[in-house]
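**Student:** coords please:
(2 chains)
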Amino acid sequence: MKKILAILLAMAMLASLGITAFADEEPIHLTLWTFQELHTQLYKEMLDRWNANPDNPKLDIDMQVYPYEDMHNKLTIALQTGEGAPDIVDIEINMFANYLKGDIQLADMNDIVEPMEDHLIMSRFNNYAKDGKFYGIDHHIGACIVFYNTEILEEAGINYKDIKTWDDYHEAGKVVLEKTAKPMCTWESKDCWSIYPLVNQHGGDWLTPDNEVRMDEQVVIDTLAFMKSMLDDGTAVACPGGNHHAEEYYGWMGAGGAASVSMPFWYLNRFTDYMPDLAGKMKVAPMPLWSDGGHKSAQMGGTGTAVVKTSKNVDVAKEWLAYATLSFEGCVATWQILGFDPIMTDVYGSEEMKAPNPFFDYYGDDIFDVLQGVLDDIPDTCLTDMFPTAADIVRNQMAYDLVITGLSPEEIAHNCAEELRDAM
Amino acid sequence: MDESAKTGRPLAKRNLLLNPKVVPYVFIAPFLIFFLVIYLYPFISTILMSFQRIDGPNSVEWIGTANYQKMFNRNFKQALATTFRYAFWDVVVLTIVPLIFAVILNSSNVKFPSFFKSLYFVPALTSTIVVGIVFRLAFGTLPTAPANRLLALFGQPAKDWLMFPDSGNFVLILLTLWRWMGVNIIYYISGLQAIPTDLYEAAKIDGANSVQQFLHISLPGIKPVLIYVITITVLGGFAMFTESVALWAQNNPGGVGRTIVGYMYLMGFYKNNMGMASAVGLVLLGLVLAVNLIQLIAMGFFRKED
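**Tutor:** Take a look at the predicted model:
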């Protein structure tokens, strides 16, 4: 009797297993790591849309958010040991070169990137490429723009649209300082978002593709000299908290601390999230130009989303990623959800991008006119395997010496270049 | 009738576990295995890695002493200076201040001593990261930061505390002191309480004042505890990492906050250069060993007790 019962039970179990297996197609499980919680909002939206299409294989993506350093450490170790890596991972631009050393553990994306080449801003892909292979997909251009506090500028009688060159900017700063006792802008003392965009826009960079150091070129010295001249007369001040992502800066700037700040496009959401009191007062404008050449803007920051080679589902992971980030609707969603400047040229000027959203409410609806005016002249940045070292020197030495110790521009450029050469 | 006949098992096999020569090894086996796997293996592997260039799981290259030759650059020297400056003040402050508090708490004049003991101990239970954020904001850049308000009360101008080596180190020491003072107080009090009270009574009769009592009875009495506290403070000082990360994150404005451990971390994880990081780690090991040895010899730890 017991035996029969056991057999019946076993059969029932098997049957139930069979039924569930047939009733619903088992989704493919993927893991995704990111250090930026904001990105998961886009991923979740694009996953839902992907699964809503019956032609697509069902996906179930486990999105894990870690702090910036933790995630990159975990990834380094996982790739180093060949175990425990996720299928898809967000890698920050400064760290990306670390994962392109030796035997590359990331899958190349040429099969999804190349067909779209004519529609994409390809310089964003070169940041994550090696030997003609693309290993990461970015979400934004990161074009640098200037955010003006029109309330302060009006008090000083200045129209921000009249500021065309950096010299105009400096002159306007002097008026602002005189009339309102407020600085025109802040320079970061422990980060790279003040120095690097200006140097890069001016035509400079830290390295050549062959790892030759460019840090002590005249263009770097000239840019540092300009920044120092603003510090010297008080039109620029050291950024409270050391960088434009410090809580102290948000509080100070949000209370009308400075008349402007130059940051990449993705800084749009920092104002809307952390400085809500400035809604309606802030306007965006192109970076002022250098009178002795250079470019209209610079592309800064970024995240290369990559697929790990050891994943069991490389192909489907790539397919989904292409849909989420390289498709027209993915790029529109990138703007609507994240407030980024998408990497696809087709979306600019399209009706979908003009739909109302919190960013238009905050800055007015001419954001894209500003952006489109500069897109045709943005230089490439040169991210070699020495870039993480160069970025570290800029953050910790160049910015510090410029803003805090006040060394001469020649000394700063020379010291930093030597340090970078020593590290080769 | 013997055992083997009763159970039907061969005698030799059964007795192996009861053999007095084998049993001790069985008892220490868990520790031994743990030690070999968790300590000895990584240690040896670190030594090997310090002579390698590692670009990934499949590309390891032997490069001799190149890592050691490249190591002594400006950043490393800066980190070394930061570490020594911190370790020095850490030892000075964290040995003396808790000792003063311990003596006061141990004297009969203090009411509710256990209340104060627990009060001083509480910070040790908090998270360094949380404390770091609080300190970072308290010693912020703006004139409205609490520390700058305090300065303003004395008519001093606002200071950018975390941007300069000396004031940065001061904040770091203050954080460490606030956090670890309670632990050292507990060590000292346990040492003080082991000193027989009749020694003090005898000294009192002989007319010794409380300073003399402290210098001639308390201090020699807690010498073993003192050596212990200094040793772990030296170790802790050189290994400090979390506190500086909590205050400066990955930033290191002008070399203020990066210690050797921070430099090792930068090399290994931020720059993905495990070979160099291993070499830095070994140099740190050598330094800490040397400093500890000097300190132990100076304090007479290896001298035979009379």
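**Student:** look at the closest residue in space to residue B:81 that isn't next to it in sequence and say how many residues are nearby.
**Tutor:** Nearest non-adjacent residue to residue B:81, counting by CB to CB, 6 or more residues apart in numbering or on different chains: residue B:255, 7.5 Å away. Where C-beta positions appear, they are placed from N, C-alpha and C, glycine not excepted. Neighbour count of residue B:255, defined by other CB atoms under 10 Å in any protein chain shown: 18.
**Student:** mind listing what residue B:255 touches?
**Tutor:** A:396, B:75, B:78-79, B:81-82, B:165 (CB atoms under 8 Å, 6 or more residues apart in numbering or on different chains).
**Student:** now, of those residues, which are buried?
**Tutor:** Buried subset of those (neighbour count, 16 or more other CB atoms under 10 Å in any protein chain shown): A:396, B:75, B:78-79, B:82, B:165.
**Student:** residue nearest the centroid of the chain?
**Tutor:** As the question left the chain open, I've gone with chain A. What sits nearest the mean C-alpha location of chain A, by CA atoms, centre = their mean, is residue A:302, with 2.8 Å.
**Student:** hmm, no, I was thinking of chain B.
**Tutor:** residue B:236 (1.5 Å).
**Student:** quick one: contacts for the residue lying closest to it once chain neighbours are set aside?
**Tutor:** What sits nearest to residue B:236 in space, not counting adjacent residues and going by CB to CB, 6+ apart, is residue B:90, at 7.1 Å. Shown in contact with residue B:90 (CB under 8 Å, 6+ apart): B:173, B:176, B:233, B:236-237, B:240.
**Student:** one more: residue B:265?
**Tutor:** Contacts of residue B:265 by CB under 8 Å, 6+ apart are B:241, B:277.
**Student:** burial measure for the closest residue to chain B within chain A, as a count.
**Tutor:** Residue nearest to chain B within chain A (CB to the nearest CB): residue A:102, separated by 2.7 Å. Residue A:102 is flanked by 17 other residues according to other CB under 10 Å.
**Student:** quick check: buried residues in the lengthiest helix in chain B?
**Tutor:** If you go by DSSP state H, chain B has its longest helix at helix B:74-106. Going by neighbour count (16+ other CB under 10 Å), the buried part of helix B:74-106 is B:75-76, B:78-80, B:82-87, B:89-91, B:93-95, B:98-99, B:101-103, B:105-106.
**Student:** residues touching stretch B:172-179, excluding its own?
**Tutor:** Counting by CB under 8 Å, 6+ apart, B:86, B:89-90, B:93-94, B:97, B:123-124, B:126, B:128, B:131-132, B:135, B:240, B:243-244, B:246-247, B:257 sit against stretch B:172-179.
**Student:** quick one: mean pLDDT for that stretch?
**Tutor:** Averaged across stretch B:172-179, pLDDT comes to 90.
**Student:** how far does it sit from its chain's centre?
**Tutor:** 13 Å (CA atoms, centre = their mean, to the nearest Å).
**Student:** ditto for stretch B:176-189
**Tutor:** 12 Å.
**Student:** pull the CA atoms of that stretch into CSV?
**Tutor:** Listed next in CSV are the C-alpha coordinates belonging to stretch B:176-189 (Å, rounded to 0.1, in the frame of the first residue of the first chain):
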residue,chain,number,x,y,z
THR,B,176,39.7,57.9,15.2
LEU,B,177,39.9,59.2,18.8
TRP,B,178,36.2,59.7,19.0
ARG,B,179,35.6,56.2,17.6
TRP,B,180,38.2,54.1,19.4
MET,B,181,38.8,55.9,22.7
GLY,B,182,36.2,53.8,24.5
VAL,B,183,38.0,50.5,23.5
ASN,B,184,41.3,51.7,24.9
ILE,B,185,39.7,53.0,28.0
ILE,B,186,38.3,49.5,28.7
TYR,B,187,41.8,47.9,28.2
TYR,B,188,43.3,50.4,30.6
ILE,B,189,40.6,50.1,33.2
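**Student:** got the residues of the stretch 301-424 of chain A near chain B?
**Tutor:** Selection of the stretch 301-424 of chain A residues close to chain B by CB under 8 Å from any CB of the partner chain yields A:388-389, A:392, A:395-397, A:399-401, A:404-405, A:419, A:422-423.
**Student:** let's see it at 10 Å
**Tutor:** A:385-386, A:388-389, A:391-393, A:395-397, A:399-401, A:403-405, A:415, A:418-419, A:422-424 (CB under 10 Å from any CB of the partner chain).
**Student:** residue A:261: helix or strand, and which one exactly?
**Tutor:** According to DSSP states H and E, residue A:261 maps onto strand A:260-264.
**Student:** ok so, going back, the residue nearest to the centre of chain B touches residue B:259, doesn't it?
**Tutor:** No. Using CB atoms under 10 Å, residue B:236 makes no contact with residue B:259, being 11.6 Å away.
**Student:** joint contacts of these two?
**Tutor:** B:87, B:243 (CB atoms under 10 Å, 6 or more residues apart in numbering or on different chains).
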